[in-house]
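> Here is a sequence with its predicted model. Questions after.
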Amino acid sequence: MKTLLLASRFAVIVLLAFSCRDSDITGVERPQIDKTELLSRLTANERFWRIEYIIEVKGKDSTYLVHHEGTNDSLTWTKYIAYQFSNKMELVAKDCIGPFGETDYSDQDRLSTGSMSFEDRKGQWFWDEARQTIQLSNFFPKRTLSGHLDTNWLPTCRNAQEAKALGHPERMRLILHPDGNRNSVISYVYCLRAIWFLEVLSNDRQKSMTFRVLY
């Protein structure tokens with residue numbers, strides 16, 4: 001039964017991966033997005049984003065990628081990176097240790113984050129009025145990747161209270177292309193899962209901070 005559930009879930013993910021290309025077709029009418037509301041949710045300062053999974057799309061083929069202990073060493077970095085969208089239109093990659101990937105929903109996990117900020121780990125984002133979405137560039141650590149926020153998977157919460165009331169993980173999805181080329185035969189779907197800060201457990205601003213989090 002578990003194998004069947006995993007297989008069906010992967011089939012849905014693959015379908016979503018291919019559908020992401022449809023939103024890039026010129027002339028397709030896009031839904032009107034409330035820019036102010038989206039930016040308020042995107043830049044909430046009580047939240048980081050962790051990579052839950054990645055899909056690599058090559059032509060008509062797709063590969064589901066996620067790092068687990070002892071597997072897929074090329075994705076080990078996903079364990080130690082969290083992202084935050086700042087009001088300065090920066091996509092900041094933070095050092096952290098805690099829940100990541102596809103794991104059970106919980107408000108009792110712990111996340112420790114480093115105190116240092118690295119200028120070379122900052123990407124950029126901006127609002128694209130024509131496409132009614134967020135555009136991204138210099139995505140860390142894959143600097144050649146640029147793309148956009150999928151308007152079918154937008155952030156839904158503005159604070160931890162709303163996130164707890166949601167009752168399930170908050171997610172959004174990035175569609176990224178090598179060198180920002182939308183016509184590339186290769187693209188990547190990054191599913192980001194929100195990790196909300198609920199309580200400060202320890203605070204050494206010179207070294208690290210540890211939080212109880214919702215993930």
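It's in. Residues are numbered from 1 along each chain as shown.
> Please verify my assumption that E170 contacts C157.
Yes: if you go by C-beta atoms under 8 Å, E170 and C157 touch, sitting 5.4 Å apart. Bear in mind the C-beta positions are built from the backbone N, C-alpha and C, glycine included.
> what touches both of these two?
A163, A194, W196 (C-beta atoms under 8 Å, 6 or more residues apart in numbering).
> Select from the residues you listed every entry located in helices.
A163 (DSSP state H).
> now the shared contacts of E170 and C157 as JSON lines including distance to S202 and pLDDT?
JSON lines is the format used below for the shared contacts of E170 and C157 (distance: C-beta to C-beta, whole Å; pLDDT from 0 to 100):
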{"residue": "A163", "distance to S202": "22", "pLDDT": "97"}
{"residue": "A194", "distance to S202": "22", "pLDDT": "98"}
{"residue": "W196", "distance to S202": "18", "pLDDT": "98"}
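> ok, the shared contacts of E170 and C157 vs T133, which is closest?
A194 (18.3 Å; C-beta to C-beta).
> who touches stretch 184-192?
Residues from elsewhere that reach stretch 184-192 (C-beta under 8 Å, 6+ apart): 16-17, 20-21, 49-59, 83, 142, 145, 147, 153, 171-178.
> How far away from the center of its chain is it?
12 Å (C-alpha atoms, centre = their mean, to the nearest Å).
> Which among the contacts of stretch 184-192 count as buried?
Among the contacts of stretch 184-192, those buried by neighbour count (16 or more other C-beta atoms under 10 Å) are 16-17, 20, 49-55, 57, 83, 145, 147, 153, 172-177.
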